[in-house]
Structure formats: structure tokens, C-alpha cells
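Q: Only the shape, not the letters, is given here:
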């Protein structure tokens, strides 16, 4: 057998395919990475094409495996996050971040409460007793262990699992929690612990290659842990939802250094964890920077919310090698959400000029043509409510738009939830559809669109749409309750005909979406 055929057979055996030569967004570094970080393999929610023939009705999806490890936790709870939920759900809290896929493995990061000390303010013994009380106490422990797990993509068996002591149990309520997805790059997996320690592990065997921290924020979170152990009062529950990404070979780390609408970013060397640069007020607290691929290099595109009334929202292009800002788009509306640029176009919230009762809750999209030297506004959607999208920070988990083949797909969050296809160059409406359901999260999957109306709650539903917005098959409810990720992406990686999802019970589920071979 030739070397090329041997390589191809090995790739297919591991559950991923070689790069489609026609996919201009792929690069050699992606050969083993099906979904290496949040926002997908190309950094803009567009999964790679594997050439799979898919089932026409998602109700025909086949359950392949449930992971043998059930330690990931149940993610988020209700808006109050109180004893009424925590005492009923079995298991324990855990992160509310997504999964990533590379090297024939699924990687996940989470934490589990440990120790005897309990946040007493969270345990109301007058309302619950017996087993329910024990569950509540388990969820209210002060200390925690952080861990990263690698799961075999074909079997669900645990390949390796790291345990890092010294973490803190964080309140996983509806509007708060630990939601930082790890990242993979060239044989390494990067994760951030609940007290701000940054780890790099070998993707093959889990060996720790280096460790560092995020400076003053790390010290502040250690102080939170110390206070929790001494006073055992309230549990820290602020939202942490900007995830790790790698751009142009540099690890990009959120510093969570302010309580304002934006936070700083740090560029870190993947080889040893050394700091390369820091950029203040670089990204929204709920928007992981997008990776923009252009002319053989990768850059960062990050939006910040700013002050809506003063029109101070911004979007910036950042060189990941040195943190230099190459250009800025000013005077925008809130851009809480993760952006999804194509090679040529970028869609952002340019803001509505109409007076609204809840101005911070609505946004209007505009499209820019982008290059290394600047961004030129090409068009905006009409400033009418049938084109408005809910744009406050709580809606940051919804996919606002996708771009492929020169077309922009987006939905408006109004009655009837109209969905549109626009020409990326002109903004002309090419197609529209009503009442297809809220397209909360969407992926291009091979020759169609996978629509997940609500990945923020436990009862997940999904359906196929055609590329011209026609429903295909039935609405499918996977036979498990999903881990919740309110306010943040609960991503379900698609890799070579299969989809991978976290479950409320703390496991990972794998479903096969491929049609049977004829």
C-alpha cells in the first residue's frame, strides 16, 4: 500500500477525514483537528466538509456511545441557582462549556466539588432533608478539583484524565458560572482552571507540559477561595465565558481583569506558556475573539459592547503575534456575541437608529468588507423590527449569522422569527422564510444546515434545513437531557458524520448522523 493510502486509511480509522482540497479555510495544521476550539475548526462556526451522506430525518440518528466517565457535571441551573434545583439534580455542578475534538478524541474541561467545607449560605436545611440535603451539600462544597478529560471518539472510553487540586467551586446559575472551553493546537490541549491557572497537556497521554497563571486575576481568585474556606458564606458566581483560542500559533487567553463590559487578552507562547503581549479592553466579557484566516495567516477579530447610548461599541483586528491593533471600527452598537468572519466579509451590530423602549435589547446588522488595511461598510439591513435581533448580553449564546459561499444567513428575533439569506456583497435579500423556529444555534453541516433552536436549556431539539431555508425531515429530540449553557455557547462538535453532546448526567453522548451505506 502506498504511503498516501496508508495515511488516508489511518485518518478514517480515527474518525476524521483528510482536508477537502476545495475548502480554502483549511490548513495543514488542522489535519488532525475536527473541532479544535470554540466557534469550530475555522473560527467562524463553519465545520469542515467530510463528504458524508447524511440521514434526511434526524429522528433516524443513531446513538453510538455514552462516555464511561460521568464527571463533567450538570452545568448551569436556574436563574436563582438555589436549593430547589441543586437538591434535586443528582451528580454535582461542573463547567458549562463546550466540547472540542482532535486526534480522534473528544476533550472536555470541568471541575468537581471536593472537601468538607460548605458554603453555608447555600444550604437551607429547613426546606430539604435526607438525600436531597446530601445532594445540596455536595453541590455547595467550597473546594474543587479542576480536570481535563480525553475520550476516545469511536468508543466513548476514557483515554486519559488529569486532576488538578486547588480549585474553587463556582455558582453555576443561569446568569453566572464557569464556561471556558479548552483549546487544541498541534498535539497540545490548553485549559484554564477555576482559580486562573493555565495548563498545557499532551493530547496523546495527558502529560502536563507546562503550567502558568493569569497574574493578578489568579491572585484575586485565590483570595476568593481563601475567603470561602474561612467564612463559608456566598459562592462566587460571576460569568466567565470567553474561551481559549489559538490564532497563528499563539494561545489567546482571557484575563478577566475588570468588572466592566470588556476584558483584556494575553498572547501566550504555546511551547512554554510565556507571556508575549497583553491588550487592555480587548474583547467583550461574553464574546470569544474570532479567528480570521487571510492570505495564509490567522488574525483575531474581537468586539466590545461599549456604552450603547454613547455609541462606543467597537470591533478590532488584532495581530496575534504581538497584540497590535491593525484597525478599529468605531461607533457601533453592542457586540456581546462571538463574531463569524469569512475571508472577505464581517457582520456586526451597527446599531438601530430607532428609539426603542429597551434599546439595549435590539440590534441591527451591517456587513463590512475587510482586509488587512481596514474595513469598509457595504450595507446594513433595514432599520425596521422585522430585521432586528435581540442583542443584550444574555443573548450572546445565539448564533447571530453565518457566512458561506458569498451569502449571509441570519434570523430576526421577532414574531414569526423570520430567517433571511442575504447577498454578502450587496445585502440583497435572496430568500426568506417564516416560522421555521428560532435558529438559536446553527451550523453548516455538509450540504445543509443543522438548526438547534435552543442549546441553552436541557430539552434540546434540532432539525435539518436546506441551504434555501426549507425544513428537511422531523424535529429531533435526542434521548437525553442536555447540559445547560445559558448565556454562552453549548457547542456540539460535528466531526465526520457524528455529533457530540454533553448530557445533564455528566457524560458525553455520541450520535451518528450518516445515512446507511447502499
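A: Ah, there it is. Note that the structure is a prediction, hence the values are computed from the model and not measured.
Q: ranges for the strands of the stretch 301-450 of the chain?
A: Under the criterion DSSP state E, counting those that start in this stretch, the stretch 301-450 of the chain carries strands at the ranges 313-318, 325-332, 345-349, 362-363, 365-370, 375-380, 389-390, 401-404, 407-411, 419-423, 429-433, 441-445, 448-452.
Q: out of these, which comes closest to residue 240?
A: The closest of those to residue 240 is strand 441-445. By C-beta to C-beta, the value is 20.1 Å. For the C-beta atoms, the positions are set from N, CA and C on the backbone; glycine is no exception.
Q: quick one: the closest one to strand 407-411, angle?
A: Inter-element angle recorded for strand 441-445 and strand 407-411: 150 degrees (by axes from the mean of the first three to the mean of the last three C-alpha atoms, to 10 degrees).
Q: Walk me through which strands strand 441-445 pairs with, and which way each runs.
A: In its sheet, strand 441-445 lies beside strand 448-452 (antiparallel), with partners assigned from DSSP bridges.
Q: Distance from the chain centre to the top strand by length along the chain, please.
A: Taking DSSP state E as the criterion, the chain has its longest strand at strand 105-118. Relative to its chain's centre, strand 105-118 lies at 19 Å (C-alpha atoms, centre = their mean, to the nearest Å).
Q: in the stretch 1-150 of the chain, which ranges drop under the pLDDT threshold?
A: Counting by pLDDT under 70, the stretch 1-150 of the chain shows low-confidence ranges at 1-32, 77-89, 124-125.
Q: Helices of that one, start to end?
A: Taking DSSP state H, counting those that start in this stretch as the test, the helices found in the stretch 1-150 of the chain are 3-13, 83-86, 130-139.
Q: ok, now the stretch 151-300 of the chain?
A: Secondary structure of the stretch 151-300 of the chain by DSSP H, counting those that start in this stretch: the helices cover 216-231.
Q: returning to what we had before: partners of the longest strand of the chain in the sheet?
A: Here strand 105-118 has these sheet partners by DSSP bridges: strand 100-102 (antiparallel), strand 141-152 (antiparallel).
Q: relative to helix 130-139, how tilted is that strand?
A: Interaxial angle of strand 105-118 relative to helix 130-139 (the same axes, to 10 degrees): 110 degrees.
Q: Could you check the angle strand 105-118 makes with helix 216-231?
A: On the basis of the same axes, to 10 degrees, strand 105-118 is oriented at 40 degrees to helix 216-231.
Q: right, and residue 314 touches residue 329 too?
A: Yes. At 6.5 Å, residue 314 counts as touching residue 329 under the criterion of C-beta atoms under 8 Å.
Q: re the thing from before, looking at the strands paired with strand 105-118, which is nearest to residue 277?
A: In terms of C-beta to C-beta, the element of the strands paired with strand 105-118 nearest to residue 277 is strand 100-102, at 24.5 Å.
Q: Show me the contact partners of that closest one.
A: Strand 100-102 is contacted from outside by 16, 32-38, 106-108, 153, 181-184, 203, 493, 495, 500, using C-beta atoms under 8 Å, 6 or more residues apart in numbering.
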